[in-house]
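Visitor: Here is a sequence with its predicted model. Questions after.
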Amino acid sequence: MILDLSSRNRTGSTELTALKHCFDIFAIQYTITDNLAAASGAAVIFTAGDLRNTTFSPSELQQLYSYVENGGVLVSQVVIGNKLFSLFGIKDLNESKKRYAISFQEPAADSSLVYLDRPEERTVSLGNKKLYNKVIWTHAFSVTDAKALASTEDKKTIFSVNRYGEGVAYVLGVSLSDSVLLPHVGNDYEAQRGWINTFEPGSDVFLLIMKSIYEQYTMPFIYLSTVPYGKKTALILSHDVDAQPSFKNMVDYAELEKRFGVSGTYFITTKYFKDDMDTGYYDADAIEYIKKVKQLGGDIGSHTVTHSIIFEKFPAGSINTTRRNYKIIVSPTVFGEVKVSKELLDSDIPSQNTISFRSGYLRYPENLIDTLEKSGYLYDSSFSADDIMCNYAYRAFKFRKVGSEESSVIEIPVIFDDSQGLLTPKNVNELVDKWIDIISANGDNEAISGLLIHPSETGYKLKAEEILLKKISEENIWIGNLSDYGDFWSVRNNYKYESGIDGKTLTIRILSPKIDDRISICIKNTPQINEIHVTDSKNNSLKFNRTQTKEKIFLHFNFN
C-alpha cells in the first residue's frame, strides 16, 4: 500500500510519482490511498511524502503507532516530525546538502540490504564534491532504539530499522525523488563514478531496498520478471552506424548475430548532406546495406540526421518538420533530427517502422522524450546506464526535470561502449571479461546490460562481440535487440493480475486478455505455499513450467 501524503502536507505529488516509478520498474502491484485507516489493512505501508508533526491528527498518529505495534511494516523516506521519532527509534535530526556519499551495512545486517552484495552497492555517491558545493538533501539522525543500516561520511545515520512492538519501522533519510528520479532525468550532480563500462548501481540501490522490503514482508510476494522468459538477465545488442565505412561493415555484425541466433539494433545516422565535418554517407549504397541487415534479422533504429555533438542545444522546432522543409544546415532542431531520420528510414527501407532512437554522442536535449513521443517513437537509448546510475528500463519522463510527467517512451540505457579508445586490439579479452562480470552483477539484481559496438571496422571489434557471445550464449541470459526488449517491457508494463492464498494454495489470475509467453511471474519460494494455480481472465486453468532458486519461483507460460 502506498499512503499518499501530498494533500496532507500540501505539497506536489513528486514523492508519489517516485514510489510508483520504483514499483513499476519491477511490475509490483500496489494500491494508492490517502486514507490512513484504509492503508492500515495492508501488511506494508510505503509513505509518499515527508512525515511531519502536522501530517496526522493526534488520533491518526496513535493509529499509526498502533499499526506498527500490532505487526505492521512502515517504510518512510524522510521523517522530520519529532512526534514520530520514538516510532522509528531515532533522535537529533540533522539536515544538510553537503553530504556526498552513503555507506550501507553488509547484507546480513537486515533483509532490506539483501541485494547489496557488492562494494559498488554498499557505498553510493550523492554528487561530485569536486564540481558541486551542495547536492541533494540528506536528513540524517542519531538512533536510540533503532538499528543503523547506513551512514553518511560524517558518521550520521541515514537509514535505519526499528522493531516497535510486533512490527517494524524503516526510515530512509533521502527522498526517492532525489535518489531515484533525479538520476533518471540525468540531473544528479554528476554523482556517477564512471561514464561507461563500469558497474554503477547508485540509484538502483534505493530501488532494490524498496523491493527487498516488499519481498520480505509481503506473503507471498509477486512481481513480473524484468527479463523475457524469466531469464536471469538480458544483454541488449546495438550498433551506432555513424560513419561511412560502418554501413558496409554492419552486415558482418548482422551475420555474426544471426549465426548465434540473436539480433541487434542498428541505429542509423541518415546524413544525406555534405558539410565541413563529413560527406553525406546516407546514400543508395548505404540503403542497400541497411536492407541487407534487416534481411538478416537486424532491427533498424534512428541515430539522428546530423549526429551533432551539440544536439542537446538544438531548439525543439516544429512538429510539422519534414525532409522537404527541414533547414538542416542553418536551423537544425530536435524535431527535425528525430522526424526526418524516421521519415527517411521508413520510406527507404521496405516494411520499416522506426520506433527506437539513440542520439549521437548520447546527447540528451531537455525535450527529447516529449519530441520522440510526439514523433511516433516507442523506445529510447540515449542515456548511459552509468550516467544515470540505473541498470533497468523505465518509462522516461517527458522533460529532464523532477516533476515532469512520465511518457509512453521506454528508456533502455546502454552500459557498454567500444568508442573513445575504450576497446582496443590489445584489451579485447580483458574488456570482454569485464563486460561479463558486469552482466553477472546486473543479473544478481535481475537488471539488464546494453552493449554498443560501432561497426567502424570488422577486426578486433567484431572479434570482441564474437568472444562475448561465445562465452555467454549458453548461459541463462536473454540476448536480443532493443526494440524486442522494449516490446516485452511495454507488454509487461500493462500486464494485470490478481492473487489470493487459501491455506497453502496460491491462486494467480491473469487479468490481461492475452497471455504472453515472454512474461514470467516471480513468487516467493516458501514452504507456506505447496500448490500454485494460475488462471486466465475467464478462470480457465493455465499450464505453466517453473524454475526456481533458493529464494524464488519463476512461472513460465509457453503456448508454442
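Guide: Sure, I can see it.

Visitor: From residue 56, how far off is residue 164?
Guide: Residue 164 sits at a distance of 16 Å from residue 56 (criterion: C-beta to C-beta, to the nearest Å). Quick note: C-beta positions are derived from backbone N, CA and C, even for glycine.

Visitor: I figured residue 473 was touching residue 260, is that so?
Guide: Yes: assessed by C-beta atoms under 8 Å, residue 473 is found in contact with residue 260 at 5.6 Å.

Visitor: okay, and the common contacts of the two?
Guide: Counting by C-beta atoms under 8 Å, 6 or more residues apart in numbering, the shared contacts of residue 473 and residue 260 are residue 479.

Visitor: quick one: which of these two has more around it?
Guide: Taking neighbours as other C-beta atoms under 10 Å, residue 473 and residue 260 compare with residue 260 leading, 16 against 13.

Visitor: Identify the residues contacting the more buried one.
Guide: By C-beta under 8 Å, 6+ apart, the contact list for residue 260 reads 469, 473, 479.

Visitor: now the residue lying closest to residue 541 once chain neighbours are set aside, which residues is it bridged with?
Guide: Among residues not flanking residue 541 along the chain, residue 535 sits closest, at 5.7 Å (C-beta to C-beta, 6 or more residues apart in numbering). Note on residue 535: beta-bridge partners by DSSP bridges are residue 509, residue 541.

Visitor: And the pLDDT at residue 560?
Guide: Looking at residue 560, its pLDDT stands at 50.

Visitor: now residue 461
Guide: pLDDT, residue 461: 97.

Visitor: Can you get me the centre-to-centre distance for the helix or strand harbouring residue 45 and its chain?
Guide: Using DSSP states H and E, residue 45 maps to strand 44-48. Strand 44-48 has its C-alpha centroid displaced from the chain centroid by 21 Å (C-alpha atoms, centre = their mean, to the nearest Å).

Visitor: same thing with stretch 437-444?
Guide: Remark: stretch 437-444 is offset 15 Å from the chain centroid, using C-alpha atoms, centre = their mean.

Visitor: As PDB, could you dump the C-alpha coordinates of it?
Guide: Written as PDB, here are the backbone C-alpha positions of stretch 437-444 (Å, rounded to 0.1, in the frame of the first residue of the first chain):
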ATOM      1  CA  ASP A 437      31.500  -9.500 -14.800                       C
ATOM      2  CA  ILE A 438      29.100  -6.500 -15.000                       C
ATOM      3  CA  ILE A 439      26.500  -8.700 -16.800                       C
ATOM      4  CA  SER A 440      26.700 -11.100 -13.800                       C
ATOM      5  CA  ALA A 441      26.400  -8.200 -11.300                       C
ATOM      6  CA  ASN A 442      23.300  -6.900 -13.100                       C
ATOM      7  CA  GLY A 443      22.000 -10.500 -13.300                       C
ATOM      8  CA  ASP A 444      22.100 -10.700  -9.500                       C
END
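
Visitor: And for it, what's in contact with it?
Guide: By C-beta under 8 Å, 6+ apart, stretch 437-444 touches 115, 117-118, 120, 197-199, 201, 232-233, 235, 391, 415-416, 448-449, 472, 477.

Visitor: quick one: which of these sit in helices?
Guide: With helices taken from DSSP state H, the overlap with those comprises 120, 472.

Visitor: Now that we have the contacts of stretch 437-444, which of them are buried?
Guide: The neighbour-count test (16 or more other C-beta atoms under 10 Å) marks 115, 120, 197-199, 201, 232-233, 235, 391, 415-416, 448-449, 472, 477 as buried among the contacts of stretch 437-444.

Visitor: Just name the closest of those residues to residue 524, please.
Guide: Comparing the buried ones among the contacts of stretch 437-444 against residue 524 with C-beta to C-beta places residue 115 closest, at 15.0 Å.

Visitor: So which bits of stretch 502-520 are buried?
Guide: So stretch 502-520, judged by 16+ other C-beta under 10 Å, has buried residues 506, 508, 509, 510, 516, 518, 519, 520.

Visitor: Grab the nearest non-local neighbour of residue 496.
Guide: Using C-beta to C-beta, 6+ apart and skipping the chain neighbours, the partner closest in space to residue 496 is residue 511 (4.1 Å).

Visitor: was I right about the one you found contacting residue 498?
Guide: Yes: counting by C-beta under 8 Å, residue 511 touches residue 498, with 6.3 Å between them.

Visitor: since we're on residue 369, how many residues are nearby?
Guide: 28.

Visitor: Which secondary structure state does it sit in?
Guide: The three-state assignment at residue 369 reads helix, by DSSP: H, G, I helix; E, B strand; the rest coil.

Visitor: give me every residue that touches it.
Guide: Applying C-beta under 8 Å, 6+ apart, one finds that residue 369 lies in contact with 380, 396, 397, 398, 399, 407, 409, 411.

Visitor: quick one: the first one from residue 238, how far?
Guide: In this view, residue 380 and residue 238 are 12 Å apart by C-beta to C-beta.

Visitor: Quick check: which element contains residue 168?
Guide: strand 167-172.

Visitor: same question but for residue 469, I mixed them up
Guide: According to DSSP H and E, residue 469 maps onto helix 460-472.

Visitor: Please give the centre-to-centre distance between that helix and its chain.
Guide: Worked out by C-alpha atoms, centre = their mean, helix 460-472 lies 26 Å from the chain centre.

Visitor: Same check on stretch 342-359?
Guide: Centroid separation for stretch 342-359 versus its chain: 25 Å, with C-alpha atoms, centre = their mean.

Visitor: Then stretch 24-33?
Guide: Per C-alpha atoms, centre = their mean, the centroid offset for stretch 24-33 relative to its chain is 15 Å.

Visitor: buried sites along it?
Guide: 24, 25, 26, 27, 28, 33.

Visitor: Also stretch 261-279?
Guide: 262, 263, 264, 265, 266, 267, 268, 269, 270, 271, 272.

Visitor: who's in contact with the strand holding residue 45?
Guide: Residues from elsewhere that reach strand 44-48 (C-beta under 8 Å, 6+ apart): 1-6, 13, 15-16, 18-19, 30, 39, 67, 72-77, 210, 213-214, 217-218.
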